[in-house]
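Chemist: Here is a sequence together with a model predicted from it:
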Amino acid sequence: MSDQTRIVAEAVVEEDAPRSLGRDVWDQFTRHKGAMAGTAVFLFIVLAVIFGPLIHTIDPTYSDFRARNQGMSWAHPMGTDNLGKDMLAQVLQGGRTSLLVGVVAMAIAMFFGTLVGVLAGYFRRLDGPLMRLTDLFLALPILPLLLVIIMLFRDTLRSTFGPETGIFLLIVFIIGITSWMQTARIVRGDVLALKEREFVLAAKSIGTPAYRIILRHIMPNILSPIMVSATLGIATAIITESALSFLGLGFPSDFPTWGRLLYDGANFMTITPSRVFWPGLVLSLTVLSVNYIGDGLRDALDPHIRGR
Amino acid sequence: MSDTLVEVRDLRMYFPIYKGVLRRKVGEVKAVDDLNFDIKAGETLGLVGESGCGKSTTGRAILRLYDPTSGSVSIDGTDVVQLEGNDLRAQRPQMQMIFQDPQACLNPRMKVADIIAEPLREHSDMSAEQRRERVNELMDAVGLARRFANRYPHEFSGGQRQRIGIARALALNPKFIVCDEPIAALDVSIQAQVVNLLEDLQKELGLTYLFISHDLSMVRHLATRVAVMYLGKIVELAPRADLYNRPKHPYTQALLSAVPTPDPTVEATRKHIILQGDVPSPAKPPKGCNFCTRCPAVMPICKEVEPTFKEHGAGHFAACHLLEQDQSEAGELSQKQAETAETPSQQGETT
């Protein structure tokens, strides 16, 4: 009997079509409940931010002075601010900037972090200089640095790219350039350990050139720490942008972002709590959902966990 | 006699030791010190010795996974020590390696088919279809079911993983394979399977092996000639039967006496040579003969002069002062023998 079942089982396995990596990863990802919930929430926020202004058609910059400091109502689902601007419209508009800043700044930070980490870990000669550079960046006091950079470059960038694009590029660049160090350190440590593994030696004995060893053998194996840093990175980037806007260093006041909205709303918290509540809630939900997605992705990309 | 495929001359591999704040070089670990040997096409040279004596380093230096300090290694006529960059890469297909730890030598994120196909991707311009065909052939050759092609290494047992490693090494039809303790990490029952597989492949494909191992009985089974290493040097190199029946170097004798015999009555009466002390550090090898600190038959000369690696009898090389003495005495004897038995061919039959 058991023999028979085994034969049947083997026959079933035999018919297995070659599975693609993407399919495997997707199967495992969908099995992670937290990740699926995170994806749903994140997708909802992204879609709302992209298509919301088409449904909720109030202009976020339009001031209706007869409806100032209003609470939640059908006309203004999230209330209005002290200038009578609709909060929902502002949250939606601000979400576009905040999310874009988060994703782009994270991408920049991941790129530099991974590049520096891999080079420092794999090539012994570069290790010293690159890690000292990382230490240097870690030792820089971020806020004074930001102040100086913004002071120096805001006007030049504004005049070349226009006020919004200019400040966007500046903020994204600043956040990216000041948050790659943690990733670089984690990646370097992992690469150092991986480089001594025998499969890398095996690849060398085959004659695989260094850059392909890095791409084929090292990168896939350091994907999970990068994944984790990336999701945390999106969250920190959004929060840093909020902090910058909160300090009044980010986007101009007529250009809403979630951080800007919080900053402006904090003074009116006692009159209209909804002005702080809603932007804060979307911000937290975004960060949380991105973290869950990262968690699920990391599990899905690890063949040891996959299939369990 | 068949042609020489691999020729190792004066191979030295020293690892520098850095110390202090300024990372100054304070010495070197002589992992491999002045090796000379040949491997003939189609044979298996067993390389044995205790851990830390430089066996694996030798294997890796021969394949240029390390850059040797000096010396030359010519494989099929090309000196691989002198090659750099693309020239070296072009030579890679003919020399491959099978690794000790079948778990560690396979990338956990790659599927078996991709692992075996990696050398094909690097060194041939086969289409994806041709590669899959070749991977299937290789999996058949090493006895892996084709349906495993899309699995990950962690889904296999140790023996199966080692087969994957062997299939990868075979992918480019190499002439010479360094087997770096391929069976050390395996179960005894699986060891036999893998060794038999290696033997079968050698017969079918005419492979030449450098078989590194500390398992003397396995080497006896597989090797045509055996080299014994101690502290970075080869102390004795001889055809298999000769080495196991008439070991000349005291270290080889001690090593062989440590191999257990299956028969308990024989085992009980057998004399073990137990070496005292530890292997000296390869960073500070003793003066004279490397083995002089532990040798049961040590003489004053051993602590002063390094013995030379010389031929003592047909194809039987050893480096020991004892043998030199014997030879000077035996020299007279063999002269007398030569007088009685006139032709060398007759002598060959008797030995």
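Modeler: Alright, I've got the coordinates.

Chemist: Contact residues of the stretch 51-200 of chain A facing chain B?
Modeler: Neighbours of chain B within the stretch 51-200 of chain A, by CB under 8 Å from any CB of the partner chain: A:197-199. Glycine gets a C-beta too; all of them are placed from N, C-alpha and C.

Chemist: top of these by neighbour count?
Modeler: When neighbours are counted by other CB atoms under 10 Å in any protein chain shown, A:Phe199 leads these with 25 neighbours.

Chemist: For that residue, give me the pLDDT.
Modeler: Among the per-residue scores, A:Phe199 holds a pLDDT of 89.

Chemist: same question, B:Leu63
Modeler: 88.

Chemist: wait, it sits on B:Met95?
Modeler: Yes - counting by CB atoms under 8 Å, B:Met95 is a contact partner of B:Leu63 at 5.4 Å.

Chemist: shared neighbours of those two, which are they?
Modeler: When contacts are counted by CB atoms under 8 Å, 6 or more residues apart in numbering or on different chains, B:Leu63 and B:Met95 are jointly contacted by A:205, B:80, B:178.

Chemist: Would you enumerate the residues in contact with the second one?
Modeler: For B:Val80, the residues meeting the contact criterion (CB under 8 Å, 6+ apart) are B:62-64, B:73-74, B:88, B:91, B:95.

Chemist: What of the last one?
Modeler: When contacts are counted by CB under 8 Å, 6+ apart, B:Val178 is found next to B:59-60, B:62-63, B:95-98, B:209-210, B:212.

Chemist: Keep only those of those residues that are also close to chain A.
Modeler: Among the contacts of B:Val178, the ones lying near chain A by CB under 8 Å from any CB are B:60, B:63, B:95-97.

Chemist: Sort out which of those are in strands and list them.
Modeler: Taking DSSP state E as the definition of strands, the ones next to chain A among the contacts of B:Val178 contribute B:95-97.

Chemist: Now distance to B:Leu5 and neighbour count too, for those, in CSV please.
Modeler: Shown next, in CSV, are those (distance: CB to CB, whole Å; neighbours: other CB atoms under 10 Å in any protein chain shown):
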residue, distance to B:Leu5, neighbour count
B:Met95, 10, 26
B:Gln96, 13, 27
B:Met97, 15, 29
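
Chemist: ok, those vs chain A, which is closest?
Modeler: B:Met97 (4.6 Å; CB to the nearest CB).

Chemist: residues contacting that closest one?
Modeler: A:202, A:205, B:59-60, B:63, B:65, B:169, B:177-180.

Chemist: Just the ones in strands from those, please.
Modeler: Using DSSP E, the subset of these located in strands is B:177-180.

Chemist: check contacts around whichever residue of chain A sits closest to chain B.
Modeler: Using CB to the nearest CB, A:Gly207 is the residue of chain A that sits closest to chain B, at 3.3 Å. Neighbour list for A:Gly207: B:88-89, B:92-93, B:119, B:122-123 [criterion: CB under 8 Å, 6+ apart].

Chemist: Equivalent analysis for B:Pro16, please.
Modeler: B:25, B:27-28.

Chemist: Repeat that for A:Val104.
Modeler: Neighbour list for A:Val104: A:172, A:176 [criterion: CB under 8 Å, 6+ apart].

Chemist: residues of stretch A:37-45 that come out buried?
Modeler: A:38-39, A:41-42, A:45 (16 or more other CB atoms under 10 Å in any protein chain shown).

Chemist: To clarify, my last question referred to stretch B:254-273.
Modeler: Using 16+ other CB under 10 Å as the test for burial, stretch B:254-273 gives B:254-256.

Chemist: what about it, start to end distance?
Modeler: 5 Å (CA to CA, to the nearest Å).

Chemist: what do you get for stretch B:307-314?
Modeler: 19 Å.

Chemist: Report the rounded mean pLDDT for that stretch.
Modeler: What stretch B:307-314 shows for mean pLDDT is 84.

Chemist: Equivalent analysis for stretch B:86-102, please.
Modeler: Mean predicted confidence for stretch B:86-102 is 87.

Chemist: That one: how far from the chain's middle?
Modeler: Once both centres are worked out by CA atoms, centre = their mean, to the nearest Å, stretch B:86-102 turns out to sit 15 Å from its chain's centre.
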